[in-house]
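Participant: Turn this into a model:
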Amino acid sequence: MTPPSSAPLDLEAAWQALCQALSTGRDASGHEDGPLRLTAHEWTSDVPVSDDARALLDNLAPLAGHVGRLALAQLGQSLDGRIATESGHSYYINGLESRTHLHRLRALVDAVVVGAGTACEDDPLLTVRHVSGRQPVRVILDPRGRVPASLRLLSEAEAPTLHLIGEQVELVPPASDHVTRLRLPVGTDGFDPAAVLDALAARGLERVLVEGGGITVSRFLEAGVLDRLHLLVAPLLIGSGRPGLAMTPIATLSQARRPIARSFRCGDDTVFDLDLTRP
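Facilitator: A predicted model of the protein is given here:
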């Protein structure tokens, strides 16, 4: 038995407990008599919890405690809903705390998905660096096969990369062992989001973060396949620029989606956690 302790659960201990929950189930301590337990809707602790640890658990316990397939998306944007200037400049709209939050999201999923446009423009690594945690599989949606082999996702082996290409694209063997290529059918708007998630689940990648860009997140949202959406909003007004979400226009506000929303402070930014599974 683990002896009782009155020492508060601090931020790092809470984070490690959330990470362990991915492999040990809803008992986030990894032991039957551990102090922290969580489900998709709540968490409980047998010991005191520090304020910053409590904020972390309130924010991320629904993700770590989720059982089964999970499709999550995130967007970092300004107050007026922009993810970049008209020229494409976006570093950095959000503060360090929001970027750390993003790295925590990466560590809590099996795969991180980006579209070909974001891969080419930003050349991201999509790895977990600001916090401790496992590395997810990095997934590129590249229906036309236009992503160059020089990108870091394909050339640097910090984590595995799954390169999804269209059936019409020549299947050239990847230059690096960390890259796997997989063909999928392509429609008029690219890959079917549901088919992408099914293909990932078939490879054991059931917890998926759709990280960007705005067009890719919009397509997954409009397809109705997302369980949650995290909007990281910075106290910044860009004015004109690239919108975060671009979806089919609606005629009346009665057609607008009104998801259940929670909000959390993240440094100077605010995280809006939207539950898209509930009517």
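Participant: Helices of the stretch 1-150 of the chain, start to end?
Facilitator: Secondary structure of the stretch 1-150 of the chain by DSSP state H, counting those that start in this stretch: the helices cover 11-24, 51-64, 96-107, 116-122.
Participant: Tabulate the ones you listed (TSV), appending mean pLDDT, distance to P136 and mean neighbour count.
Facilitator: Any C-beta I mention is one placed from the backbone N, CA and C, and that applies to glycine too. Output for the helices of the stretch 1-150 of the chain, formatted as TSV (pLDDT from 0 to 100; distance: least, C-beta to C-beta, whole Å; neighbours: other C-beta atoms under 10 Å):
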stretch	mean pLDDT	distance to P136	mean neighbour count
helix 11-24	86	11	19
helix 51-64	93	13	20
helix 96-107	97	5	20
helix 116-122	94	15	19
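Participant: would TSV of those with distance to V137 be doable?
Facilitator: Shown next, in TSV, are the helices of the stretch 1-150 of the chain (distance: least, C-beta to C-beta, whole Å):
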stretch	distance to V137
helix 11-24	14
helix 51-64	17
helix 96-107	11
helix 116-122	14
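Participant: Relative to I83, which of the ones you listed is closest?
Facilitator: helix 116-122 (9.9 Å; C-beta to C-beta).
Participant: Residues contacting that closest one, please?
Facilitator: Taking contacts as C-beta atoms under 8 Å, 6 or more residues apart in numbering, the residues outside helix 116-122 that touch it are 88, 90, 124, 140-144, 146-148, 151, 153, 211-213, 215-216.
Participant: nearest to A84, of the helices of the stretch 1-150 of the chain?
Facilitator: Ranking these by distance to A84, with C-beta to C-beta as the measure, places helix 116-122 first at 8.8 Å.
Participant: chain center to the closest one, what's the gap?
Facilitator: Using C-alpha atoms, centre = their mean, to the nearest Å, the distance from the centre of helix 116-122 to the centre of the chain it belongs to is 16 Å.
Participant: Using PDB, list the CA coordinates for it.
Facilitator: The C-alpha coordinates for helix 116-122 follow below in PDB (Å, rounded to 0.1, in the frame of the first residue of the first chain):
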ATOM      1  CA  ALA A 116       0.100  19.700 -46.800                       C
ATOM      2  CA  GLY A 117      -0.200  23.500 -46.900                       C
ATOM      3  CA  THR A 118       0.800  23.900 -43.200                       C
ATOM      4  CA  ALA A 119       3.600  21.400 -43.600                       C
ATOM      5  CA  CYS A 120       5.100  23.300 -46.500                       C
ATOM      6  CA  GLU A 121       4.600  26.800 -45.100                       C
ATOM      7  CA  ASP A 122       5.600  26.200 -41.500                       C
END
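Participant: Can you give me every residue that contacts V112?
Facilitator: Shown here is V112, whose contacts under the criterion C-beta under 8 Å, 6+ apart are R106, L126, P136, V137, R138, V139, V208, L209, E211.
Participant: Among the helices of the stretch 1-150 of the chain, which comes closest to S254?
Facilitator: Nearest to S254 among these is helix 51-64; the distance by C-beta to C-beta comes to 28.3 Å.
Participant: The closest one vs helix 96-107, what angle?
Facilitator: Orientation of helix 51-64 against helix 96-107 (axes from the mean of the first three to the mean of the last three C-alpha atoms, to 10 degrees) gives an angle of 40 degrees.
Participant: Show the secondary-structure elements that helix 51-64 is packed against.
Facilitator: Packed against helix 51-64, as judged by 3 or more C-beta pairs under 8 Å, 6 or more residues apart in numbering; DSSP states H and E, are the following elements: helix 11-24, strand 36-38, strand 43-45, helix 96-107, strand 260-266, strand 269-275.
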